[in-house]
Every structure is written in structure tokens, then in C-alpha cells.
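Visitor: return a 3D structure for these sequence lines:
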Amino acid sequence: MTHLPDIHRLLPSSPDAEKGVLSSFMLSPVEVAQVCALEGINAGKFHIPANAKIFSAMMEITEKGTPVDFVTVTTALRDAGCLDSVGGAGYITELFTFLPTAAAVKFYTAAVNRADLSR
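Guide: Numbers count the residues shown, from 1 in each chain. So this is what the prediction gives:
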């Protein structure tokens, strides 16, 4: 299943920080996209393949100028044929409700960067 960590990538990883970035993105997409760009966060930074796919979908939605929300993210993932492989609509809902605010996004992006051994 693609929502599990990639066994071929070395640890460390930070699954909660990855979820924090994605949840923050759902809550404040424009601001978080800017922070991710400044901090060098891209899909390749995510240890969990499902999170990488979700991040890519959110970035594509943002680049098109479309609002990032539950409907647009699930639709984009469904259209790409990968909604089920990333955990389905249930996981997207979990991301949306994981955090109450996007205020700590810099903490999460820093943790994702620290967990990335490809740098």
C-alpha cells in the first residue's frame, strides 16, 4: 500500500510533521505554499509516498489558482487515479482535522527538512 512509509528510504522520518505540513496546507493554502517554497519543501521531501502525492496535488491546485479544500483535493486525487492508494477521502478528512491552525507550519517544515536524508 502506498500510504505506508517507503521501505527503501532510510530513516529518520517524521510522519507527524508531514501530516502537519499537509494539514496546515488545507487550513491556509496560500501562506503555506509560500512557506514551503521558501523552506525548499517539495514532494521529494516526504518519506510517506501517499503524503508526497497529496502534497503534489495541493501544489498543483494552488498553482492553478483553485482553492485547496476537501473537495478540490479529493477530486484531483480521484482524477489522477490515486485517491484510494493515498488513504481515500477518510485520510484527507483526517488531514483537514489534524491541526486547529496552520500557525506552526515552519516547525513542521523544519522537521520534514531534518528528516530528509537526500540533502
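Visitor: so how far is whichever helix or strand Ala50 is part of from its chain's centroid?
Guide: Using DSSP states H and E, Ala50 sits in helix 49-63. The chain centroid and the centroid of helix 49-63 are separated by 6 Å, computed with C-alpha atoms, centre = their mean, to the nearest Å.
Visitor: just stretch 84-101 next, same as before
Guide: 10 Å.
Visitor: I'd like the mean pLDDT over it, please.
Guide: Averaged over stretch 84-101, pLDDT sits at 96.
Visitor: what does that stretch rub up against?
Guide: Contact with stretch 84-101 is made by 1-3, 19-20, 22-24, 26-27, 50-51, 53-54, 70, 73-74, 77, 83, as judged by C-beta atoms under 8 Å, 6 or more residues apart in numbering. For every residue, glycine as well, the C-beta is placed using N, CA and C.
Visitor: show me the helices in this protein, by range?
Guide: 15-27, 29-39, 49-63, 70-79, 88-98, 105-115 (DSSP state H).
Visitor: give me whichever of those is most buried.
Guide: helix 15-27 (a mean of 22; mean count of other C-beta atoms under 10 Å).
Visitor: state the mean pLDDT of that helix.
Guide: For helix 15-27, the per-residue pLDDT averages 96.
Visitor: how far does that helix sit from its chain's centre?
Guide: Its chain's average C-alpha position is 6 Å from that of helix 15-27, according to C-alpha atoms, centre = their mean.
Visitor: how much space is there between Ala104 and Val32?
Guide: 11 Å (C-beta to C-beta, to the nearest Å).
Visitor: common neighbours of those two, please.
Guide: Ser24.
Visitor: format the CA atom coordinates belonging to stretch 54-61 as CSV.
Guide: Extracted C-alpha coordinates of stretch 54-61, given in CSV (Å, rounded to 0.1, in the frame of the first residue of the first chain):
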residue,chain,number,x,y,z
ILE,A,54,-1.2,14.6,-1.6
PHE,A,55,1.4,17.5,-1.4
SER,A,56,1.9,17.4,-5.2
ALA,A,57,-1.9,17.6,-5.7
MET,A,58,-2.2,20.5,-3.3
MET,A,59,0.6,22.4,-5.1
GLU,A,60,-0.9,21.8,-8.5
ILE,A,61,-4.3,23.0,-7.2
